[in-house]
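Here's a sequence, model it:
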Amino acid sequence: MLGVEQARRENKLYKSINAGTPRPIGLRITYGKKTQPHAHPWNIAMYNNGRFHCGGTLISSRHILTAAHCVIKSRRRPEKLKLSIGDWDINSNLDGPSLQGEIVKIVTHPGYSTHTLKYDVAVLTLKENVQFTDTIVPICLPEADFDLEGQLITVSGWGRDERKPPSVSADGT
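Prediction:
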């Protein structure tokens, strides 16, 4: 996918701004750990009809990686989805500025199946390049031959926990 390849090329540029390096974790919550503000500055909040819909990951200045099931119904009308880039607490404006991104193209994996959710991945292309700041940085992607088998990974984003809907970004390994 073109967006992922561009992101790999851009990774070399971002290493000087510590792209892809999680910031220290703060208070912890069950089924995920509440992060410090902007600990994962590549997280993207996606909205549909004004409601939080899904998350995504900034992988380059114009591309976001997300789940295909989040965008499959919007492929022909990507402008229906709204993005908040650089947000931490999606229920507050007190966590600093965020950008609104406009999607112009949605590409889902050709093998994606709505029945099995296999290949549940999509790349979104933004209308304009994102300007990077302290709170907006793309994630660094591993090289194509990097072996993740047996490795611990961190997953970050917003999601429901056992008590309430999403609010602040959380992560878990």
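
Leaving out chain neighbours, which residue sits closest to T133?
Computed as CB to CB, 6 or more residues apart in numbering, the closest residue to T133 that is not its neighbour in sequence is G86, at 6.8 Å. Any C-beta I mention is one placed from the backbone N, CA and C, and that applies to glycine too.

how far away is that neighbour from H115?
G86 sits 35 Å away from H115, going by CB to CB, to the nearest Å.

Could you do L148 as well?
From L148 to H115 the distance is 27 Å (CB to CB).

In terms of neighbours, single out the busier of those two.
For the pair L148 and H115, the greater number of neighbours falls to L148 (8 against 5), based on other CB atoms under 10 Å.

Which secondary structure element is home to the residue lying closest to the more buried one once chain neighbours are set aside?
In this structure, L148 finds its nearest non-sequential neighbour in P142, 7.1 Å apart by CB to CB, 6+ apart. Secondary structure assignment for P142, by DSSP states H and E: no helix or strand.

remind me, longest strand of this protein?
Longest strand of the chain, by residue count under DSSP state E: strand 99-108.

Relative to E149, how far out is G50?
For G50, the distance to E149 - CB to CB - is 41 Å.

Please apply the same query to G56.
Taken as CB to CB, the span from G56 to E149 is 25 Å.

Looking at the two, which one has more neighbours?
The neighbour comparison of G56 against E149 (other CB under 10 Å) goes to G56, with 26 against 4.

which SSE is that one in?
strand 51-58.

What's the first helix or strand after that strand?
Scanning onward from strand 51-58 (DSSP H and E), the first element met is strand 63-66.
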